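Peer 1: just a sequence and a predicted model for now, questions to come.
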Amino acid sequence: MTSAAEGEAGRPVKLGIRLSPPCLLLVYRPARSGAALRLRKMPVKSLTATSNCARVAQELRERHRPHLDAVPQNKLLKMLRVLQEGLSGGRVEDILPRVELEFRVDPDEDLNQLSTELLDRKKAAMDEHFNRQVVRPDQPEFVYDVRQDFDGPKQHSGWDDDGDDW
């Protein structure tokens, strides 16, 4: 019996790209037990240098639903951005750092200054990071009602003294 995350096609193992012609490559393990790894090539015909990657990703998900259901949206968007940058003929070694920078969340970056599309990418990256780190109640590492005592302040701050200045 397969889980809902594995979908009808199986469990994804790797996601990659081919630049010419633009194509997503998915290595997956079929749902039947004992089956060998399979490779699925998904052409990305609607991608142009000015395309909205989220829209293209949605079209791909609709066309290849059983295979892409278990692939995280952020990973799919990242691969499509690399393909999009590759359409202009750049080298993968130059493209990867630029795309990685788009999807990385810098704690000092002002997210108010970003475009809506770039902000959505940053939010998706934060969601993916949170979902990797969260400990759910059904996991063995989960501890209910954790109580922690903290030491006093590390340095003196005048604004939080317990004085009766009121």
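Peer 2: Here it is on my side, so go on. Numbers count the residues shown, from 1 in each chain.
Peer 1: in the protein, what spans have low per-residue confidence?
Peer 2: Along the chain, segments meeting pLDDT under 70 span 1-8, 160-166.
Peer 1: tell me where it has helices.
Peer 2: Secondary structure of the chain (DSSP state H): helices located at 53-63, 65-68, 73-86, 92-103, 116-133.
Peer 1: next, name the residue at the spatial heart of the chain.
Peer 2: What sits nearest the mean C-alpha location of the chain, by CA atoms, centre = their mean, is Asn74, with 2.9 Å.
Peer 1: I'd assumed Ala125 was in contact with it.
Peer 2: Yes: using CB atoms under 8 Å, Asn74 makes contact with Ala125 at a distance of 5.8 Å. Heads up, the C-betas are built off the backbone N, CA and C, glycines and all.
Peer 1: now list whatever residues contact both of those two.
Peer 2: Phe103 (CB atoms under 8 Å, 6 or more residues apart in numbering).
Peer 1: circling back: any chance of the helices of the chain in JSON lines, with distance to Leu19 too?
Peer 2: Putting these into JSON lines (distance: least, CB to CB, whole Å) gives the following:
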{"stretch": "helix 53-63", "distance to Leu19": "15"}
{"stretch": "helix 65-68", "distance to Leu19": "20"}
{"stretch": "helix 73-86", "distance to Leu19": "4"}
{"stretch": "helix 92-103", "distance to Leu19": "7"}
{"stretch": "helix 116-133", "distance to Leu19": "21"}
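Peer 1: hey, which of those helices is tucked in deepest?
Peer 2: Compared across those, helix 73-86 shows the largest average neighbour count, a mean of 20 (mean count of other CB atoms under 10 Å).
Peer 1: all set now, cheers.
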